[in-house]
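Below are the sequence and a predicted model; questions follow.
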Amino acid sequence: MATTQLERPGDRGLSARATRALKAVPLAWKRFWRLVSLYMPKRLYARSLIIVIAPMILLQSVLAFVFMERHWQTVTQRLSQATVRDIAAIVDLVETYPNDADYANIIRIAQDRMQLKIDLLPPDPLPAPGPKPFFSILDEILSSEITHQINRPFWIDTVGNSNIIEVRVQLEGKVLRAFVRRSQAYASNTHIFLIWMVGTSLVLLMIAIPFLRNQIRPILTLAEAAESFGKGRPMPLDFRPRGAEEVRRAGFAFIQMRERIERQLEQRTAMLSGVSHDLRTILTRFKLQLALTGTKADTEALGQDIDDMQSMLEGYLAFARGEATEDAGRFNLQAYFDKLGEEATLRKRKLSTALAGDPNVHVRPHAFARLLSNVVGNAFRYAKTVEIIANHGRGSLLVTIDDDGPGIPPEKREDVFKPFVRLDEARNLDASGTGLGLAIARDIARSHGGDIMLDKSPLGGLRAVIKVPA
């Protein structure tokens, strides 16, 4: 007959606790590694050194512990046992032949056969115990052996760097004093092992550190070249793939990618130049035909359409070209702000500018001037008051442009960066142009390795934040 074992409430509680404990293990492991990564160095060179040094230190620590525990302590204990055995034999001889007046034969045997220098002193009290040394392996082992083999009151002196150890044993009516060489009771060659271990480790580190630096330098060079190319700057002239095979493959892949991108840009620029020439020719013909035929009232609307088409064409070509072929150079922010002040005066706008840091920034001058002109031009078009704050420091430029215009709803702030997108609430076709101004501005900012973000302005309108490496 089958029986069913009932589960007790205590078993259910134990099972639940075990389940919770098992679930907590991965979380604790993740927290541990998150804490480790927080304090770990971030650079590859430092991490590589840790990968080399940490196992070496761990291995040496284990070897040193095993050596001290198994070899050093064992050898010292055996040497101390033999030394104490010799002293115990002298004690037995002294007690066996108590009638020997000067114990000359015992002293001679101890010196010739046991390499011990002994004296028999009057029965004075033993000296007071002295302070034990910090690392007292010899003191502990020798004291233990004397207690175990002789079992008499004794006093030993192992302190100091002397090569002689003094041992006194209290006998009946006399005190036996023995001078023992430290090498007879102590494994004194241990420091040689430690010196060799530390010395070879230092030599290995002296070889490994330059080797690691040479292996990591090509990676850093590749990163700098990729960063320069991403910011639109020319690649270093001395760049060529070096280092390990994997790093060389990454370098060659980067060079091929750069060449394909530059070739594509050149083809696109050439194609757009041809398209621009053909379309401008057709538009010029239209203008000429309108000028020669019809009345002014009939041709005025068509002429305006042609001007709009030409404006759109120029804007599109500028957006597609992206000023990518311009070389990086020096751009003076303060001089540009002065020009903006003159433009604000002509447009009857209130402008305030502030600049912190070096006014000279390393960008593509014409492209960056167009970026600022597009953003500030929108602010001039839709606002009466404009504030510009530029902060240049720590390898980056941050430009904040605030206005008191109508602003842009949060859900549409990303849409305005798309080509040919216009917001009906803020602009119309006659006043807005082609809808490419902010698209061109973001394209230029990203070609420099930066970006443009829009937000609510403290002035009530729109805030444009431009951040680029400089």
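Nice, thanks for sending it over. Numbering: from 1, shown residues only.

which residue is nearest the centroid of the protein?
Nearest residue to the geometric centre of the chain (CA atoms, centre = their mean): Lys42, 1.2 Å.

So that one: helix, strand or coil?
Three-state call for Lys42 (DSSP: H, G, I helix; E, B strand; the rest coil): coil.

can you map out the strands along the stretch 51-200 of the chain?
117-121, 154-157, 164-171, 174-181 (DSSP state E, counting those that start in this stretch).

Can you list the buried residues in the second one?
Buried positions in strand 154-157, judged by neighbour count with 16 or more other CB atoms under 10 Å: 154-157. Backbone N, C-alpha and C define where each C-beta goes, glycine included.

any idea of the mean pLDDT in that strand?
Averaged over strand 154-157, pLDDT sits at 88.

One more: the last one?
Here the mean pLDDT over strand 174-181 is 90, rounded to a whole number.

Name the strands paired with that strand and say parallel or antiparallel.
The pairing partners recorded for strand 174-181 under DSSP bridges are strand 117-121 (antiparallel), strand 164-171 (antiparallel).

What lies in contact with the first one?
For strand 117-121, the external contacting residues (CB atoms under 8 Å, 6 or more residues apart in numbering) are 90, 94, 103, 106-107, 110-111, 168, 174-179.

show me where the stretch 51-200 of the chain has helices.
In order along the chain, the stretch 51-200 of the chain carries the following helices (DSSP state H, counting those that start in this stretch): 73-96, 104-112, 137-149, 182-185, 190-230.

So Arg463, which state does it fall into?
Recorded secondary structure, Arg463: strand (three-state DSSP).

wait, it sits on Gly405?
No - no contact is recorded between Arg463 and Gly405 when judged using CB atoms under 8 Å, the distance being 10.8 Å.

between those two, which one's more packed in?
Gly405 (21 against 18; other CB atoms under 10 Å).

pretty sure Pro234 contacts Glu262?
No - at 10.9 Å, Pro234 does not count as touching Glu262 under the criterion of CB under 8 Å.

Which one's more surrounded, those two?
Applying other CB under 10 Å to Pro234 and Glu262 shows that Glu262 carries more neighbours, namely 13 against 10.

Report the angle between the helix or strand that one falls within and helix 190-230.
Glu262 is part of helix 245-292, with elements assigned from DSSP states H and E. Counting by axes from the mean of the first three to the mean of the last three CA atoms, to 10 degrees, helix 245-292 lies at 10 degrees to helix 190-230.

Now do helix 245-292, average pLDDT.
In this model, helix 245-292 carries a mean pLDDT of 79.

now swap in stretch 50-61 and tell me
Rounded mean pLDDT across stretch 50-61 is 84.

Can you name the residues in contact with it?
The set of residues external to stretch 50-61 that reach it, using CB under 8 Å, 6+ apart, is 40-41, 197-198, 201, 204-205, 208, 212.

Can I take it that Pro419 is in a strand?
No - counting by three-state DSSP, Pro419 is not part of a strand but coil.

That one reaches Gly437, doesn't it?
No - between Pro419 and Gly437 there is no contact under CB under 8 Å: 10.2 Å.

which one of these two has more residues nearby?
Gly437 (23 against 15).

any idea how far Met122 is from Ile156?
One correction, residue 122 is Pro, not Met. According to CB to CB, to the nearest Å, Pro122 stands 19 Å off from Ile156.

Check Tyr186 too.
Per CB to CB, Tyr186 is found 12 Å from Ile156.

okay, and the common contacts of those two?
With the criterion set as CB under 8 Å, 6+ apart, the contacts of Tyr186 and Ile156 do not overlap.

about what we covered before: distance to Gln289 added to the buried residues of strand 154-157, as TSV?
Listed next are the buried residues of strand 154-157 as TSV, based on distance: CB to CB, whole Å:
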residue	distance to Gln289
Phe154	127
Trp155	126
Ile156	122
Asp157	121
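
from the residues you listed, which two are the most distant?
The two members of the buried residues of strand 154-157 with the most space between them (CB to CB) are Phe154 and Asp157, at 10.9 Å.

Name the residues contacting each of the two.
By CB under 8 Å, 6+ apart, Phe154 and Asp157 have these common neighbours: Val167.

Tell me, please, the helix or strand in the protein that averages the lowest pLDDT.
Every helix and strand of the chain was ranked by mean pLDDT, DSSP states H and E. The lowest is helix 429-432, at a mean of 41.

Give the next helix or strand downstream of that one.
Scanning forward in sequence from helix 429-432 by DSSP H and E, the next helix or strand is helix 437-447.

any chance of the helices of the stretch 51-200 of the chain in JSON lines, plus distance to Pro131?
Listed next are these as JSON lines, based on distance: least, CB to CB, whole Å:
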{"stretch": "helix 73-96", "distance to Pro131": "20"}
{"stretch": "helix 104-112", "distance to Pro131": "29"}
{"stretch": "helix 137-149", "distance to Pro131": "10"}
{"stretch": "helix 182-185", "distance to Pro131": "18"}
{"stretch": "helix 190-230", "distance to Pro131": "23"}
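
Which of the ones you listed sits closest to Asn163?
It's helix 182-185; of those, that one is closest to Asn163 (CB to CB) at 5.1 Å.

Any buried residues in the closest one, and which?
Residues of helix 182-185 classed as buried by neighbour count (16+ other CB under 10 Å): 182, 184-185.

Then stretch 250-263?
Within stretch 250-263, the residues scored as buried using 16+ other CB under 10 Å are 250-251, 254-255.

hang on, the earlier thing: can you spell out which helices and strands pack onto the helix holding Glu262?
In terms of contacts (3 or more CB pairs under 8 Å, 6 or more residues apart in numbering; DSSP states H and E), helix 245-292 is packed against helix 190-230, helix 296-321.

To Leu355, which of those lies closest?
helix 190-230 (25.8 Å).

what packs against the closest one?
Packing contacts for helix 190-230, counted by 3+ CB pairs under 8 Å, 6+ apart, involve helix 44-66, helix 245-292.

Quick one: residues contacting Leu204.
Shown in contact with Leu204 (CB under 8 Å, 6+ apart): Met56.

can you pull the pLDDT of it?
Turning to Leu204, the model gives it a pLDDT of 85.

Please shift the residue numbers so they start at 36 in all later answers.
Done: numbering now begins at 36, and the last item shifts to Leu239.

if I look at it, how far off is Leu247?
From Leu239 to Leu247 the distance is 12 Å (CB to CB).

Val129 and Arg212 touch, don't they?
No - counting by CB under 8 Å, Val129 does not reach Arg212; the two are 11.7 Å apart.

Who has more neighbours out of the two?
Under the criterion of other CB under 10 Å, the comparison of Val129 against Arg212 puts Val129 first, with 19 against 15.

Mark out where each domain of the chain begins and ends.
With domains defined by the TED database, the chain comprises 66-266, 276-356, 361-504.

burial measure for Arg66, as a count.
Using other CB under 10 Å, Arg66 is surrounded by 10 other residues.

per-residue pLDDT, it?
For Arg66, pLDDT reads 80.
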